[in-house]
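J.: From the sequence below, what's the structure:
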Amino acid sequence: MISGKFAITLHILTLLSKFPDDYLSSDFIAGSMNLHPVLVRKEIANLKKNNIVESKEGKNGGTRLLKSTSKITLDDIFKMTFDTVTLGFSKNKPNPDCPIGRQINENLENLYEDINQRIGLQLSGITLEDFSNKF
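T.: A predicted model of the protein is given here:
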């Protein structure tokens, strides 16, 4: 299902791109997003796992980018936050005797696969640098 994880992650990375030499605290980042710092730290943990950021603890600790913004595409960010976009399936198992019911999930899966390919294609042409230059 679609969630705000991509937007949150992109916000974090865009903010970090504006302060390339600084370690930004999760409180500072959360303040920019008007979110609880725990939610920010959860997304930062995912970015660390994907070797996009590094963090250090302590009074002057925080997080900063490890990779150049020109080397990170929005598709990279998308794939770090979602395996795929799914708009959902019916909670009930469709009636296999119905001509629609027996094929609806298969056709939805094909539709979602096409959507994901198109999203990936469009996002792969935009770097974090391109996006952050809008600010």
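
J.: Would you check that residue 115 makes contact with residue 82?
T.: No: counting by Cβ atoms under 8 Å, residue 115 does not reach residue 82; the two are 11.6 Å apart. All C-beta spots, glycine's among them, are computed from the backbone N, C-alpha and C.

J.: and these two? which has more neighbours close in?
T.: residue 82 (17 against 14; other Cβ atoms under 10 Å).

J.: That one contacts residue 6, correct?
T.: Yes: counting by Cβ under 8 Å, residue 6 is a contact partner of residue 82 at 6.8 Å.

J.: would you say residue 94 is within a strand?
T.: No: secondary structure of residue 94 (DSSP: H, G, I helix; E, B strand; the rest coil): coil, not part of a strand.

J.: what residues are up against residue 57?
T.: Listed by Cβ atoms under 8 Å, 6 or more residues apart in numbering, residue 57 has no contact partners.

J.: Quick check: it vs residue 63, distance?
T.: In this view, residue 57 and residue 63 are 11 Å apart by Cβ to Cβ, to the nearest Å.

J.: go on, residue 99?
T.: Residue 99 is 53 Å from residue 63, by Cβ to Cβ.

J.: These two - which one has more neighbours?
T.: For residue 99 versus residue 63, the count of surrounding residues by other Cβ under 10 Å is larger for residue 63: 25 against 8.

J.: which is the next helix or strand following the strand or helix carrying the more buried one?
T.: With elements taken from DSSP states H and E, the one containing residue 63 is strand 62-65. Downstream of strand 62-65, the first helix or strand assigned by DSSP H and E is helix 74-81.

J.: Also compute the angle for the very next helix or strand once past that next one relative to helix 74-81, please.
T.: Once the chain leaves helix 74-81, the next helix or strand it forms, by DSSP H and E, is helix 104-124. For helix 104-124 against helix 74-81, the angle by axes from the mean of the first three to the mean of the last three Cα atoms, to 10 degrees is 130 degrees.

J.: Tell me the gap between helix 104-124 and the middle of its chain.
T.: 17 Å (Cα atoms, centre = their mean, to the nearest Å).

J.: and for it, what are the contacting residues?
T.: 73-75, 77-79, 84-87, 89-90, 94.

J.: low pLDDT regions in the protein?
T.: Applying pLDDT under 70 to the chain flags the ranges 1-3, 83.
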